[in-house]
Structures are given as structure tokens and as C-alpha cells.
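*Asks:* starting from these lines, generate the structure:
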Amino acid sequence: MLWRNRNPELPKYNLVQLFEREGYTYYRFPKETSLPLERFAMSMGLLERLSSGLSGSEMEQILTEMEKALGAGLSNPKNAAVMATYIHIIRERQNTIVHRDLLLNIAATWVVRSDENPSIINPDIHKKKLEVFEAMAGEGSHAFFTKLDIPALKPLLSISPQDLTVLWEYNLTQIQKLNEALALLTTHREDGQRKRKIV
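*Replies:* Numbers count the residues shown, from 1 in each chain. The predicted structure follows:
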């Protein structure tokens, strides 16, 4: 469908074609062009979060459970242990996980679909791009990510396709393990402070 590729905004940014999929052409910004402000701000936030090894929803879930443990009282040994475990999870993931959901969102921020305005992020198109990239990753293709020119991710972008596939699968496993650990931890927190015995 050629009409999808006739976007008057695209030529203004001198975009580089990456690939075609499902009737759309996908582009990246060239090295010499800075990202428009909205994309730049979102990209910087995602890159910052990438170092934590946690997606925004995972971090929110952990913080909510930590608040509940605090509210129930840390004088209860179970709640103190739960809180310590959450802290351990956060610290451990900082050094071991390159979160795939964040990588997908970074790619969706840097990649422009042929029917979107490069200067803004359309939430509906962003979501559709995430679905397309997820499907591509499931097929073993990471072209949506590896063809980007993101200076902060140069080491990651330069690994072999096989290594990227291994990393991708490892991250999927780690996300599943985190969800299982968070669900288990929730069952160990006690909701009320233990009453002291009066002697």
C-alpha cells in the first residue's frame, strides 16, 4: 500500500530506511541528525532505566510491595526479610540484566514508521511497533535493533546475531524468574504488626 509511505514529514529528517514489514517502511535517524526533543527525552529516560535492569512496571511493583512491608512493620522478621530480598533483587539486576522490554521501547523510540510524524511519539503507533518488534524477535530477527546507531549502546549493537539471540532468550528467562520471585515474596509478607506479649 503505497499511500502509507507518502508521509510529507519524512523527507525533513533525511531518515535512513531499515526494513519493510506488513506494508510499512521503517526508518532510523541518520548519525548526523539529532533526535527530535520528544524522542530524545524518552530515549534518555529509557537508557537511564536500562542500567537498573528493571522495567518501569517491575520497579513500581517492587516499590509498592516494599511500601506494604514497611507499613506492616519491619519489627516482624518476615517483613524485614522480604524487604531485604527486594533490595537484593534490585542490586543484582543492575549488574546482570539488559532488559529486553526496555530495548524494545528504545528501538520503538528511535525507529520511525512510514506513517508517523518523526518529531512526536504517537502512543498507538509506538505500541504497534512494539508488537512488530516482538514478533520479529520471536522469528529470530533483531534488525529493528541492530541496525540502529545509538552511541550509548554501541557495545551491545556490535555483538553477533547469535549472541544477541542468546542474550534475548536469557533476558526472557530472567523476566519470568523475576515475576515468579515477586509473586512468591508477596505471599511471605505479613500484613499486620505482631503484637508484643505482655509479661
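*Asks:* tell me the secondary structure for the nearest residue to residue 147 once chain neighbours are set aside?
*Replies:* Closest residue in space to residue 147, ignoring its immediate chain neighbours: residue 18 at 5.0 Å, by Cβ to Cβ, 6 or more residues apart in numbering. Where you see a C-beta, it was placed from the backbone N, CA and C, and this is true even at glycine. Applying DSSP: H, G, I helix; E, B strand; the rest coil to residue 18 yields a three-state assignment of strand.
*Asks:* surely residue 18 meets residue 142?
*Replies:* No - taking contacts as Cβ atoms under 8 Å, residue 18 lies outside contact range of residue 142: 11.5 Å.
*Asks:* which stretches of this structure form helices?
*Replies:* All helices of the chain, identified by DSSP state H, fall at 37-50, 56-72, 77-96, 100-110, 123-138, 143-146, 154-157, 161-188.
*Asks:* lowest average confidence across those, which one?
*Replies:* Mean pLDDT per stretch puts helix 154-157 lowest among the helices of the chain, at a mean of 73.
*Asks:* OK, contacts around the residue nearest to residue 147?
*Replies:* 26, 27, 28, 111, 143, 144, 147 (Cβ atoms under 8 Å, 6 or more residues apart in numbering).
*Asks:* tell me the contacts of residue 119?
*Replies:* Residues in contact with residue 119 (Cβ under 8 Å, 6+ apart) are 9, 36, 37, 38, 39.
*Asks:* tell me the pLDDT of the residue nearest to the third one when sequence neighbours are not counted.
*Replies:* Think residue 37. Excluding its sequence neighbours, the residue lying closest to residue 37 (Cβ to Cβ, 6+ apart) is residue 119, at 7.9 Å. As predicted, residue 119 sits at a pLDDT of 90.
*Asks:* show me the two of the contacts of residue 18 that sit farthest apart.
*Replies:* Maximum pairwise distance among the contacts of residue 18 (Cβ to Cβ): 12.5 Å, between 27 and 143.
*Asks:* ignoring the adjacent residues along the chain, who's closest to the residue most central in space within the chain?
*Replies:* Nearest to the geometric centre of the chain sits residue 102, at 1.6 Å (Cα atoms, centre = their mean). Closest residue to residue 102 apart from its sequence neighbours, by Cβ to Cβ, 6+ apart: residue 50 at 4.9 Å.
*Asks:* who are the neighbours in contact with that neighbour?
*Replies:* Contacts of residue 50 (Cβ under 8 Å, 6+ apart): 98, 99, 102, 103, 106.
*Asks:* and of those, the nearest to residue 56?
*Replies:* Residue 56 lies nearest to residue 102 out of the contacts of residue 50, by Cβ to Cβ, at 8.6 Å.
*Asks:* which residues does the nearest residue to residue 146 once chain neighbours are set aside contact?
*Replies:* Leaving aside its sequence neighbours, residue 146 sits nearest to residue 157 (Cβ to Cβ, 6+ apart; 5.8 Å). For residue 157, the contacting residues are 145, 146, 148, 149, 150, by Cβ under 8 Å, 6+ apart.
*Asks:* what about burial for those, which qualify?
*Replies:* By neighbour count, with 16 or more other Cβ atoms under 10 Å, these hold 145, 146, 148, 150 as buried.
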